[in-house]
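Participant: from the sequence below, what's the structure:
(chains A and B)
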Number of protein chains: 2
Amino acid sequence: MDSFKNGWFTEQGVLNSDSVAVSIKYDRVLHREKSQFQDILVFESSMFGRCLVLNDAIQCTEIDEFSYQESIAFLPLNCHPHPKKVLIIGGGDGGVAREVLKHPLVEDITQCEIDEAVINVSKNYFPSLSCSYADPRLKLVIADGYEFVKNHKEVYDVIITDSSDPNGPAQCLFERPYFQSLWEALNPGGIICSQAESYWFDLKLIKSMYKTTKSIFKSVTYATIAMPTYPSGQIGFIIACKDQTVDFSQPLYKFSSKQQESMNLKYYSEKMHTSSFILPTFVEEALSKE
Amino acid sequence: MDSFKNGWFTEQGVLNSDSVAVSIKYDRVLHREKSQFQDILVFESSMFGRCLVLNDAIQCTEIDEFSYQESIAFLPLNCHPHPKKVLIIGGGDGGVAREVLKHPLVEDITQCEIDEAVINVSKNYFPSLSCSYADPRLKLVIADGYEFVKNHKEVYDVIITDSSDPNGPAQCLFERPYFQSLWEALNPGGIICSQAESYWFDLKLIKSMYKTTKSIFKSVTYATIAMPTYPSGQIGFIIACKDQTVDFSQPLYKFSSKQQESMNLKYYSEKMHTSSFILPTFVEEALSKE
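Facilitator: Prediction:
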């Protein structure tokens, strides 16, 4: 299938198959470029608002991005007793940083994005995401995430990896050497949260990431969220603690309903935190064998 | 977009928009007919196995049907103290009956399906679903579900409505008179569970169903599950009790791990039961206003 045809944008395939496709009717293409690292596309659609696409895969749409950004930020942050220093790898659209900046215990954020073009596109077309780049607490580094992590030892309390799929510049962010470097870059008690695809379509990859992470970190789990514009409508995260046994399903920091409101949270809540760690039987069984 | 083109089947649109589409690559079409009530299609795909399509909307695929069938059956059954007499409206593929028949407390099941052609297609192409029709505890009635329910008063402990979308023969199953008739057909303490679409794409419909049901039943809630081949990857159920205050999130009947295994459950568990009732903040807020 063509990715553009007769007013439709089509994302075809998932990691292990090209037999499924999701299409969105678009009103107009706002931006298209080939950056040093990938194809970048922005289009406007009546149903999902503005949509950011990297290498033909939808990264976020204005209508549902909150589910992903809130979850990848607050699931790890609220499991750490003092998440002062946070590193974000990837996340060029700025949405994850926007959420991390809302957290009352966070003091210092570094974001390392490989592709400056994504940041510029977000600044031009997604002000509700890129607003984070104006915050003085955020230090932005344009560099390869893996190289950056390798050069930092015992610096961060939480490291969030908001990567695209493992078939472009993000490939190395799904492999053992990266997880080993994450372990080393964490302070004692440190926690990671990495984008880890869909249990419906990518269970093999999840099992492999889970097994790798378990051999390096003390506690490891997979959390699931609902995301209608990602293939299968579901995506998850590998969350792991460096050196302590952690029950990730029970947040240490709980937002009050007043905080929940002032932070404008639309998906995440204390209850949603807990339920993210409850997995269908077939997923639990698959992971328990690793 | 054409529903069949170049080896792809495409389901276009959701209830309130035609701006999104999901496509599945198919190997071959096994069956196509226009029944008295709807278009019926069966195709084989390498990724999802055999797929049943009614009026161009995917009803079930062999790969993920367990999530829907287990949940629509056990969420209501396990909230009832003695679910002896069960009525299934719709569910022509036989999958819901297959799960209901597994429950140790169920003694008697009636299924009322309007379209016998769907049952025959399932018997021919989906033996793992239609196996339920061979069970002597299942009484099958070919009739209009609404008419059937209207003619029964205080007969059933649990009534499950496994309908297609409200734009074909199932339209009336989403409206007030039907819910009033369900209330009357239930025994005291009776519980209903009705297919209630996606909170991402159909929140307006869910709010309306919730409001209607709340004005008739004593306790009402919405439960959510993950289903990769339905639009948005998420679908839910309106679950309600006739005349008692029920905390649906806490099952009265809990499957042991031995039962869980012998029943071959792949999605549902006691924990998944509870988590199905935990909703994203924007959904909770929308329903709390009704």
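
Participant: use CA for all of it now, contacts and neighbours both
Facilitator: OK.

Participant: buried residues of stretch A:60-77, list them for me.
Facilitator: A:60-62, A:64-77 (16 or more other C-alpha atoms under 10 Å in any protein chain shown).

Participant: actually stretch A:248-264, not the one I typed
Facilitator: In stretch A:248-264, counting by 16+ other C-alpha under 10 Å, buried: A:248-251, A:253-255, A:260.

Participant: close to chain B, is that stretch?
Facilitator: No: under the criterion of C-alpha under 8 Å from any C-alpha of the partner chain, chain B is not reached by stretch A:248-264; the shortest gap measures 9.2 Å.

Participant: give me the residues contacting that stretch.
Facilitator: A:75, A:78-81, A:102, A:221, A:269-270, A:273-277 (C-alpha atoms under 8 Å, 6 or more residues apart in numbering or on different chains).

Participant: in CSV: those, plus distance to chain B, pLDDT and secondary structure.
Facilitator: As requested, the contacts of stretch A:248-264 are exported to CSV (distance: C-alpha to the nearest C-alpha, whole Å; pLDDT from 0 to 100; DSSP: H, G, I helix; E, B strand; the rest coil):
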residue, distance to chain B, pLDDT, secondary structure
A:75, 14, 98, helix
A:78, 17, 98, coil
A:79, 19, 98, coil
A:80, 22, 98, coil
A:81, 24, 98, coil
A:102, 17, 98, coil
A:221, 16, 98, strand
A:269, 7, 98, coil
A:270, 10, 98, helix
A:273, 10, 98, helix
A:274, 8, 98, helix
A:275, 5, 98, helix
A:276, 8, 98, helix
A:277, 9, 98, coil
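
Participant: PyMOL command for the buried members of these?
Facilitator: Provided next is the PyMOL selection string for whichever of the contacts of stretch A:248-264 are buried by 16+ other C-alpha under 10 Å:
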select buried, chain A and resi 75+78+79+80+102+221+269+270+273+274+275+276+277
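
Participant: if we only consider the contacts of stretch A:248-264, which is nearest to residue A:43?
Facilitator: residue A:102 (28.1 Å; C-alpha to C-alpha).

Participant: the strands in the stretch 151-290 of chain A, which residues?
Facilitator: Secondary structure of the stretch 151-290 of chain A (DSSP state E, counting those that start in this stretch): strands at A:156-162, A:186-195, A:219-226, A:234-241.

Participant: out of these, deepest packed?
Facilitator: When the strands of the stretch 151-290 of chain A are scored by mean count of other C-alpha atoms under 10 Å in any protein chain shown, the highest mean neighbour count falls to strand A:156-162 (a mean of 28).

Participant: show me what that strand is packed against.
Facilitator: Contact here means 3 or more C-alpha pairs under 8 Å, 6 or more residues apart in numbering or on different chains; DSSP states H and E; on that basis strand A:156-162 packs against helix A:65-77, strand A:85-90, strand A:186-195.

Participant: now the strands of the stretch 151-290 of chain A in CSV, with distance to residue A:117?
Facilitator: Formatted as CSV, the strands of the stretch 151-290 of chain A follow (distance: least, C-alpha to C-alpha, whole Å):
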stretch, distance to residue A:117
strand A:156-162, 16
strand A:186-195, 21
strand A:219-226, 28
strand A:234-241, 25
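
Participant: so how far is residue B:182 from residue A:280?
Facilitator: Going from residue A:280 to residue B:182 by C-alpha to C-alpha, to the nearest Å gives 30 Å.

Participant: out of the two, which sits in the more crowded spot?
Facilitator: In this view residue A:280 and residue B:182 are compared by other C-alpha atoms under 10 Å in any protein chain shown, and residue B:182 has more residues nearby, 28 against 21.

Participant: quick check: that one touching residue B:159?
Facilitator: Yes: between residue B:182 and residue B:159 a contact is recorded at 7.5 Å, counting by C-alpha atoms under 8 Å.

Participant: can you list residues touching both of those two?
Facilitator: Joint contacts of residue B:182 and residue B:159 (C-alpha under 8 Å, 6+ apart) are residue B:192.

Participant: around chain B, pick out the residues from chain A.
Facilitator: A:17, A:19-26, A:46-47, A:200, A:226-229, A:231-234, A:265-269, A:271-272, A:275, A:278-282.

Participant: in helices only, show me those.
Facilitator: A:271-272, A:275, A:281-282 (DSSP state H).

Participant: residue A:60 contacts residue A:53, correct?
Facilitator: Yes: between residue A:60 and residue A:53 there is a contact under C-alpha under 8 Å: 7.3 Å.

Participant: possible to save the contacts of stretch A:248-264 as JSON lines with distance to residue B:192?
Facilitator: Shown next, in JSON lines, are those (distance: C-alpha to C-alpha, whole Å):
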{"residue": "A:75", "distance to residue B:192": "34"}
{"residue": "A:78", "distance to residue B:192": "37"}
{"residue": "A:79", "distance to residue B:192": "38"}
{"residue": "A:80", "distance to residue B:192": "42"}
{"residue": "A:81", "distance to residue B:192": "43"}
{"residue": "A:102", "distance to residue B:192": "41"}
{"residue": "A:221", "distance to residue B:192": "35"}
{"residue": "A:269", "distance to residue B:192": "28"}
{"residue": "A:270", "distance to residue B:192": "29"}
{"residue": "A:273", "distance to residue B:192": "28"}
{"residue": "A:274", "distance to residue B:192": "27"}
{"residue": "A:275", "distance to residue B:192": "24"}
{"residue": "A:276", "distance to residue B:192": "27"}
{"residue": "A:277", "distance to residue B:192": "28"}
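
Participant: of the ones in helices among the residues of chain A next to chain B - the most surrounded one?
Facilitator: In these, the most neighbours by other C-alpha under 10 Å go to residue A:275, 23 neighbours.

Participant: care to break chain A down by domain?
Facilitator: A:4-61, A:64-289 (the TED database).

Participant: so how far is the last one off the chain centroid?
Facilitator: So that's domain A:64-289. Remark: domain A:64-289 is offset 5 Å from the chain centroid, using C-alpha atoms, centre = their mean, to the nearest Å.

Participant: which residue is nearest the middle of chain A?
Facilitator: Centroid check for chain A by C-alpha atoms, centre = their mean gives residue A:162 as the closest residue, at 3.3 Å.

Participant: tell me the contacts of that residue?
Facilitator: With C-alpha under 8 Å, 6+ apart, residue A:162 has these contacts: A:72, A:88-91, A:96, A:194-195.

Participant: tell me what it is bridged to.
Facilitator: residue A:90 (DSSP bridges).

Participant: distance of it relative to residue B:20?
Facilitator: 25 Å.

Participant: which one of the helices and strands packed on strand A:156-162 lies closest to residue B:11?
Facilitator: That would be helix A:65-77 among those, by C-alpha to C-alpha, at 23.6 Å.
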